[in-house]
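K.L.:
got a sequence here, can you build the structure:
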Amino acid sequence: MAEDVKVKRVAICTGGGDAPGLNAVIRAAVLAGINRGWEMYGIRDGFNGLLMPENYLDGGLIRLTRERVRGITHLGGTILGTTNRGSPLSFPLKMPDGTIEEVDRTDELVRSFRMHEIDALISIGGDGSMTIANALARKGLWVVGVPKTIDNDLDQTVVTFGFNTAVAFSTECLDRLHSTASSHRRVIVVEVMGRYAGWIALESGVAGSADVILLPEIPYDLEKVAEKIRLREEQGSNFSIVVVAEGARPKDGTVSVISHEVGRAERLGGIGEKVSQELQQMTGKETRVVVLGHLLRGGSPTSFDRLVALRFGAAAVRAISEGRRGILVALDPPIVQYVPLEDATRRMKTVPLDCDTILTARDLGICLGD
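P.N.:
A predicted model of the protein is given here:
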């Protein structure tokens, strides 16, 4: 397809949890699109700008110009806003009788794109956002996906932007916690994000010299962890650092859930506190817990994440100019390639138990709870 045929207006949306690098993708896509003579638009808060335009003073759909994206590459968050609730596949609506019912609003969403004469959509998000994008593509919408998640759990891409920044910050925190743990002879449990995949916990834990790393992929036996702490004590190390992913669970146990809400995934959390309390009882050592939580999502992206994000944004525009539909731009070093959205949403990318980083952790004597 020639670059100037059939493409006039392209919209961008950011959905799911925020991640460092989102603004870099937006800037790259907007500039690459404008340089092709296209009009670029941004949808507020995922798809809410189109599904609930009455909630926005600007109508929920904004024109993205060179001026709007100037100087945003280094900024965390997203200038468009985002949301991890109210998926158009199962949107919560209040019924006349006061009950809440989840309805599929994707047909309505496609009609809204047609009404605004949007030719193509660049959807930036993780597994949930790509599932929505794939459903819209099946309904005939021209969609190109960009992989985003600090959890690095999206399949078909070697890495997602935001992950490197999260690992770097988590590692820095572990470095700081070593000194205070050693000074007070304490066990410090550090809870990091990672609902179903333990990439952040594993990579920052190994890089940050943790003594124990608990992952969603390896159900843990807390007695094994206590044994590791006692062994370190016998060997003269009077402190320990335990990194636990929020989705980690004990053998024959379940994940720790804070709440269930209509229209969004269950909120995980609290596993760090549980592990901390139990370890203090089992070892007799004073134990503290640190929850990094949303600190991992904020802040300026690393140079690695900025570059990946810029490459992804430009590649998404190139994909549209080449007439590619229903695809995800994915990093396959040293190139960015295109893979079908169907393949990208088929399964989640979890930590392989035989990967080199797991083997390295075991060789270093790090306890993985098994």
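
K.L.:
wait, what's in contact with the nearest residue to residue 237 once chain neighbours are set aside?
P.N.:
The shortest distance from residue 237 to any residue other than its chain neighbours is 8.0 Å, reached at residue 211 (CB to CB, 6 or more residues apart in numbering). Every residue, glycine included, has its C-beta placed from N, CA and C. Residue 211 makes contacts with 228-229, 232, 237, 240-242, 366-367, as judged by CB atoms under 8 Å, 6 or more residues apart in numbering.

K.L.:
buried among these? Make that a PyMOL selection.
P.N.:
Buried residues within the contacts of residue 211, by 16 or more other CB atoms under 10 Å, are selected in PyMOL with:
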select buried, resi 228+229+232+240+241+242+366+367
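
K.L.:
how close does residue 11 get to residue 104?
P.N.:
20 Å (CB to CB, to the nearest Å).

K.L.:
neighbour-wise, which of those two wins?
P.N.:
For residue 11 and residue 104, the more surrounded residue by other CB atoms under 10 Å is residue 11, and the numbers stand at 23 against 13.

K.L.:
part of a strand, is that one?
P.N.:
Yes. With DSSP: H, G, I helix; E, B strand; the rest coil as the criterion, residue 11 is part of a strand.

K.L.:
just checking, it touches residue 43?
P.N.:
Yes. Counting by CB atoms under 8 Å, residue 11 does reach residue 43; the two are 5.6 Å apart.

K.L.:
list residues touching both of the two?
P.N.:
Common neighbours of residue 11 and residue 43, using CB under 8 Å, 6+ apart, are residue 61.

K.L.:
centre of the protein to the edge, which residue is at the far end?
P.N.:
What lies farthest from the middle of the chain is residue 234; by CA atoms, centre = their mean that is 39.6 Å.

K.L.:
return the per-residue confidence for that residue.
P.N.:
Residue 234 carries a pLDDT value of 93.

K.L.:
against residue 210, how distant is it?
P.N.:
Using CB to CB, residue 234 is found at 19 Å from residue 210.

K.L.:
stretch 210-218: how far from the chain's middle?
P.N.:
With CA atoms, centre = their mean, to the nearest Å as the basis, stretch 210-218 stands 19 Å off its chain's centre.

K.L.:
next, the buried residues of the longest helix seen in the chain.
P.N.:
In the chain, taking DSSP state H as the definition, the longest helix is helix 163-184. Buried residues in helix 163-184, counting neighbours by 16+ other CB under 10 Å, are found at 163-171, 173-174, 177-178, 181.

K.L.:
will you turn those residues into CSV that also has distance to residue 50 and pLDDT?
P.N.:
Listed next are the buried residues of helix 163-184 as CSV, based on distance: CB to CB, whole Å; pLDDT from 0 to 100:
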residue, distance to residue 50, pLDDT
163, 29, 95
164, 32, 96
165, 29, 97
166, 30, 96
167, 34, 97
168, 35, 97
169, 33, 97
170, 35, 97
171, 39, 98
173, 38, 97
174, 42, 97
177, 44, 97
178, 48, 95
181, 49, 95
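
K.L.:
using a markdown table, please lay out the residues you listed together with distance to residue 151.
P.N.:
A markdown table is the format used below for the buried residues of helix 163-184 (distance: CB to CB, whole Å):
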| residue | distance to residue 151 |
| --- | --- |
| 163 | 7 |
| 164 | 12 |
| 165 | 12 |
| 166 | 8 |
| 167 | 11 |
| 168 | 15 |
| 169 | 14 |
| 170 | 12 |
| 171 | 16 |
| 173 | 17 |
| 174 | 18 |
| 177 | 22 |
| 178 | 25 |
| 181 | 26 |
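
K.L.:
nearest to residue 342, out of those: which one, please.
P.N.:
Nearest to residue 342 out of these is residue 163 (CB to CB; 23.1 Å).

K.L.:
which other helices and strands contact the longest helix of the chain?
P.N.:
Applying 3 or more CB pairs under 8 Å, 6 or more residues apart in numbering; DSSP states H and E, we find helix 163-184 packed against strand 187-192, helix 199-207, strand 240-245, helix 303-321.

K.L.:
avg pLDDT for the second one?
P.N.:
So the one you mean is helix 199-207. Averaging pLDDT along helix 199-207 yields 98.

K.L.:
residues touching that helix, excluding its own?
P.N.:
With contact meaning CB under 8 Å, 6+ apart, helix 199-207 is reached by 150-153, 163, 166-167, 170-171, 174, 192-194, 210, 213-215, 243-245, 248, 296, 351, 357-358, 360-361, 364, 366.

K.L.:
which members of these are classed as buried?
P.N.:
Among these, those scoring as buried are 150-153, 163, 166-167, 170-171, 174, 192-194, 210, 213-215, 243-245, 248, 296, 351, 357-358, 361, 366 (criterion: 16+ other CB under 10 Å).

K.L.:
neighbours of residue 49, just the number please.
P.N.:
Close neighbours of residue 49, defined as other CB under 10 Å, add up to 24.

K.L.:
where's it, which helix or strand?
P.N.:
helix 48-51 (DSSP states H and E).

K.L.:
likewise residue 278?
P.N.:
helix 271-283.

K.L.:
show the average pLDDT along the helix or strand that comes right after that helix.
P.N.:
Using DSSP H and E, the helix or strand that follows helix 271-283 towards the C-terminus is strand 287-291. Strand 287-291 carries an average pLDDT of 95.

K.L.:
when you give positions from now on, start the count at 50
P.N.:
Okay, using 50 as the starting number, the last item reads as strand 336-340.

K.L.:
so what touches stretch 369-378?
P.N.:
50, 52, 56, 59, 85, 169, 171, 179, 183, 186-187, 191-196, 205-206, 361, 364-365, 368, 385-393.
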